[in-house]
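# Could you work out the structure for the sequence below:
(chains A and B)
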Amino acid sequence: AQSVTQLGSHVSVSEGALVLLRCNYSSSVPPYLFWYVQYPNQGLQLLLKYTTGATLVTGINGFEAEFKKSETSFHLTKPSAHMSDAAEYFCAVTGSGGGYNKLIFGAGTRLAVHP
Amino acid sequence: DVKVTQSSRYLVKRTGEKVFLECVQDMDHENMFWYRQDPGLGLRLIYFSYDVKMKEKGDIPEGYSVSREKKERFSLILESASTNQTSMYLCASSFPGSSNQPQHFGDGTRLSIL
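Down below sits the predicted model:
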């Protein structure tokens, strides 16, 4: 069985500050991990994914995430927040070897960026 | 770019009505998914389909059914709508194969059941 926990349903940062959104997962098989972003009144857009290989993954809009197996974490970071980063962010996990790539989502973290 | 189109952005229906939500994708994806999104709960899988006329239950299938008669179209059906089905519904599609294929999402249908 797999699960995802996102610590903090709401995170607020100042423009230009570091963004850190936390994600911990559990999985009985090697995981594939994803971060999605949802802007108001829109669907989800893929930010980045980890499958195999390099544990530091770079995505769109300056975001990156690091897979840490020992900590079962996949935290999302961005060095300098921009007002346009205000959105809801979802971490998701699926297991390698599955043919249907069913995703298990966390509850989401809403990011607010203030001037 | 992948385009997943959901037929309605907003929908208001009455309890007991049969409700159809339609989703079309233009990338020849084999896999299609229906989720509902509720505050504090993230996305929960209702049903998915890995081929035409094939379907599998997700985590919360009760009160829903699906139809996939053509590869590009996946319909979600609320047989007899109830107020607890008021939610945001998201459709997604992906290529098959290993689980590293990302899912591509539509913009969602916000459904209100009165």
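
# Can you give me the buried ones in stretch B:46-64?
Neighbour-count burial for stretch B:46-64 flags B:46-50, B:55, B:58, B:64 (criterion: 16 or more other Cβ atoms under 10 Å in any protein chain shown). The way it works is simple: take the backbone N, C-alpha and C, and place the C-beta from them, glycine included.

# Looking at these, which two lie furthest apart in space?
For the buried residues of stretch B:46-64, with distances taken as Cβ to Cβ, the pair at the greatest spread is B:Y50 and B:Y64 (17.4 Å).

# Spatially central residue for the chain, please.
I went with chain A, as the question did not name one. A:W35 (3.3 Å; Cα atoms, centre = their mean).

# that's the wrong chain, I meant chain B
Chain B, centroid-nearest residue using Cα atoms, centre = their mean: B:W34 at 2.6 Å.

# Contact partners for it?
B:21, B:23, B:45-48, B:58, B:64, B:66, B:74, B:76, B:89-91 (Cβ atoms under 8 Å, 6 or more residues apart in numbering or on different chains).

# if you set the cut-off to 7 Å instead, what comes out?
Applying Cβ atoms under 7 Å, 6 or more residues apart in numbering or on different chains to B:W34 gives the contacts B:46-47, B:66, B:74, B:76, B:89, B:91.

# Among the residues you listed, which one lies nearest to chain A?
Closest approach to chain A among the contacts of B:W34 (Cβ to the nearest Cβ): B:C91, at 8.3 Å.

# Find the nearest non-adjacent residue to that closest one, please.
The spatially closest residue to B:C91, leaving aside those adjacent along the chain, is B:C23, at 3.4 Å (Cβ to Cβ, 6 or more residues apart in numbering or on different chains).

# Could you give the bridge partners of that neighbour?
Per DSSP bridges, the residues bridged to B:C23 are B:Q6, B:F74.

# List the buried residues for the host helix or strand of A:L21?
Element membership for A:L21 (DSSP states H and E) is strand A:19-26. Neighbour-count burial for strand A:19-26, with 16+ other Cβ under 10 Å as criterion, is recorded at A:19, A:21-25.

# distance of the residue nearest to B:C91 from A:S9?
Using Cβ to Cβ, to the nearest Å, B:C23 is found at 28 Å from A:S9.

# just B:K71 next, same as before
B:K71 is 38 Å from A:S9, by Cβ to Cβ.

# B:S49 too?
31 Å.

# and the next helix or strand after the strand holding A:L21, does that touch chain B?
Downstream of strand A:19-26, the next assigned helix or strand under DSSP H and E is strand A:31-38. Yes. Strand A:31-38 reaches chain B (Cβ under 7 Å from any Cβ of the partner chain) through A:32, A:34.
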